[in-house]
Structures are given as structure tokens and as C-alpha cells.
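Q: Generate a structure from the sequence data that follows.
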Amino acid sequence: MATAVYPGSFDPVTKGHLDIIKRAAKINDHLIVAVLNNSAKNPLFTVEERVELLKECCKGIQNVSVENFDGLTVEFAKKRHASVMVRGLRAVTDFENEIQLAQTNHALMPGIETMFLATSIKWSYLSSTIVKEAARYGSSISKFVTPNVEAAVEQKMAELRSRGENVWPPFLVQETLRRFDKTVFLKSQHTQSGGYSHEKDRYRICMPYRHW
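A: Alright, predicted model coming up:
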């Protein structure tokens, strides 16, 4: 009986994640959705909350279970006697990082194979970061997540606002700057910079978050 592991932060789980989960479940006998408890990040939801949200989303899929874990994914896979690691690919840019990760996992655990599933075109743009970004501005996220996740995100945002907290955690700043730097790099391949100040614009991007 083949057991596969689909690891991730799932903060929160999106319809893109669920697309991968449903397709992977059809291919493997047992799929474990493994929620990473990463202390280095500042997640919107606790690992326990993320597990419960995923369980609710996956309750109709008989061969899917949800667990949380710490440490290396390959170590978790080894403990669960899994032979397959499932990874979703949204774009070509994901592949470079994912292939390196797959090769590292294989070196650490030769018995593990990585299954890459291309995200459906419908969800190729979607990420947990986008969901939180939209919710931050009060936009509807019903297109991106299931009703239980939508309610949980809205409640979490309301709690943060009621405490007078900024609902933009530091990792969103990092993601914004990462995308900005990539855009500047791509533009620089085709145009001359002239008097353009990259660092000045990076500073302007950081200004809304200067109180963090």
C-alpha cells in the first residue's frame, strides 16, 4: 500500500491546495497532508487551527488524513513509511526550487520519490499569501477558499484589528519585496536603469510596515 505525504504550511489552505490534494488522493492509496509547524515563521493560524481547517476541508476524501509535524519532511515521511512526496507546481519559477528540494530529499532518504503535480490553470496564480493580502483589505476571498476557511480568516483578521494590531505580518513584507526585486530584475534585462533608485523604492514599500 503506497503512502504519500503532501507537506506545506497551509496558512490557510486554499482551493489550489485542495485541487492538489484531491488529485494526489486518486493516485495514491493513502495521502497524508502534513502541516509544518515552523517556528521561524509568523503564521496567521496556529498549527492546530490549520490542521482542523484541513480536516474539515478533506472530510469527504476517505484516503486522506491530516497531521502536523516538526523538523525535516523526509524524517516525517520515514516515520509514516511513506514512499512518495507530493509537490504542486504553479509556474516554471517553482520548478528550480522544487527540483533542488526533491534531490536533497532523495539524498537524505533514497527510498522517497517526489511526485510533481501541475496546479490547475484555474488556481495557478493562487497562494496563501494572496488570500491573506485580499482579506487584509476587506476583499471577498470566497473565490479562493472554502466557506469554513473564509469564516476563519475573517474572524482572525477581526481579532487582530480589535487588538489594534497591524494585520500585515513581516513575512508579507518579505514576499512583497521578493516580487518587487524580481520585477526590477526582469525589467533590467530589457531597459537601462538610468537614474532609477531601486533601494529608494524598496524603502517606500517598507514604510507601511515600519512599526513592526
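
Q: mind listing the strands for the protein?
A: Taking DSSP state E as the test, the strands found in the chain are 3-8, 30-36, 64-69, 84-89, 113-118.

Q: Next, format the ones you listed as CSV and append mean pLDDT.
A: Listed next are those as CSV, based on pLDDT from 0 to 100:
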stretch, mean pLDDT
strand 3-8, 97
strand 30-36, 97
strand 64-69, 97
strand 84-89, 96
strand 113-118, 95
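
Q: Let me have these in TSV, extended by distance to K132.
A: To be clear about C-beta, it is placed using only N, CA and C from the backbone, and glycine gets the same treatment. Putting the strands of the chain into TSV (distance: least, C-beta to C-beta, whole Å) gives the following:
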stretch	distance to K132
strand 3-8	15
strand 30-36	16
strand 64-69	20
strand 84-89	18
strand 113-118	24
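
Q: count of neighbours near the closest residue to E154 other than its chain neighbours?
A: If the residues on either side of it in the chain are set aside, E154 comes closest to A135, at 6.7 Å by C-beta to C-beta, 6 or more residues apart in numbering. Taking other C-beta atoms under 10 Å as the criterion, the count of residues near A135 is 21.

Q: Tell me how far I27 lies from R87.
A: 13 Å (C-beta to C-beta, to the nearest Å).

Q: mind checking how far stretch 106-121 is from the chain centre?
A: 16 Å (C-alpha atoms, centre = their mean, to the nearest Å).

Q: Which residues does that stretch contact?
A: By C-beta atoms under 8 Å, 6 or more residues apart in numbering, the surrounding residues in contact with stretch 106-121 are 4, 16, 19-20, 23-24, 27, 72, 74, 77-78, 82-90, 95, 98, 101-102, 105, 126.

Q: Same check on stretch 21-36?
A: For stretch 21-36, the surrounding residues in contact (C-beta under 8 Å, 6+ apart) are 1-10, 47, 50-51, 54, 58, 61, 63-70, 73, 76, 80, 82, 84, 86, 115, 117.

Q: Now a ChimeraX select for only the buried ones of these.
A: This is the ChimeraX syntax for the buried subset of the contacts of stretch 21-36, where burial follows 16 or more other C-beta atoms under 10 Å:
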select :3,4,5,6,7,8,9,10,47,50,51,54,58,61,63,64,65,66,68,69,73,76,80,82,84,86,115,117
